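Colleague: Fold the following, please.
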Amino acid sequence: MIRHTRRITFRHCLLSLCFVGIGFVSFQDNAQARIKYGLWEITVTVKMDGMPTDNPSEVFQKCINRNNLTPGNNVDKDGCDKDKVNRKGDTVNWTVNCAKDKHTLTGSGLVVYSDTTMSGHAEFQAGGKELATMNMKLQYNGKYMGKCKK
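Modeller: Modelled structure (predicted):
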């Protein structure tokens with residue numbers, strides 16, 4: 001009878017440890033996978049082939065939420081949509097591939113959120129029929145400002 005009780009106790013302890021371990025891993029994954037939704041101030045620096053290296057930075061504010069995780073516009077003025085936006089933890093990456101008239105734009109980007117800061121980069125190639133290809137590199141840095149303005 002005592003042996004049987006020990007087995008149950010050992011099994012219960014082992015099972016409890018497994019649940020604690022699974023809970024800890026789940027908690028750790030969720031803690032690492034948090035992106036702070038709200039108003040972000042984002043600074044973007046653009047470098048283009050053949051242009052001076054001291055291009056001025058642009059600063060703007062954007063509301064980051066579950067459906068809008070990337071810096072910049074999700075749809076640009078010419079109607080080019082971001083093709084794929086993927087999120088893994090605090091990292092968001094996307095691709096752009098569009099054509100309008102004789103112009104094309106392709107590229108990709110990545111940003112990483114860390115509590116109240118964000119940083120990342122993107123590379124794009126613009127060109128088209130009878131047009132030279134221009135390579136652009138963007139550097140993003142951002143900081144959380146608070147709740148989105150309505």
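
Colleague: Flag the shaky bits of the chain, pLDDT-wise.
Modeller: Filtered on pLDDT under 70, the chain yields the residue ranges 1-33, 52-54, 73-82.

Colleague: now the strands: where do they sit in it?
Modeller: Listed in chain order, the strands of the chain (DSSP state E) span residues 38-48, 58-64, 82-88, 91-100, 103-114, 117-128, 131-146.

Colleague: Reformat those as a markdown table; add distance to Thr70 and mean neighbour count.
Modeller: Bear in mind the C-beta positions are built from the backbone N, C-alpha and C, glycine included. Rendered in a markdown table, the data for the strands of the chain read as follows (distance: least, C-beta to C-beta, whole Å; neighbours: other C-beta atoms under 10 Å):
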| stretch | distance to Thr70 | mean neighbour count |
| --- | --- | --- |
| strand 38-48 | 10 | 16 |
| strand 58-64 | 8 | 15 |
| strand 82-88 | 6 | 13 |
| strand 91-100 | 5 | 16 |
| strand 103-114 | 7 | 18 |
| strand 117-128 | 9 | 17 |
| strand 131-146 | 9 | 15 |
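
Colleague: per the record, what domains does the protein have?
Modeller: For the chain, automatic domain parsing gives the domain ranges 1-32, 35-146.

Colleague: Just the endpoints, please. Distance across the longest one?
Modeller: This points to domain 35-146. Start-to-end span of domain 35-146 (C-alpha to C-alpha, to the nearest Å) is 13 Å.
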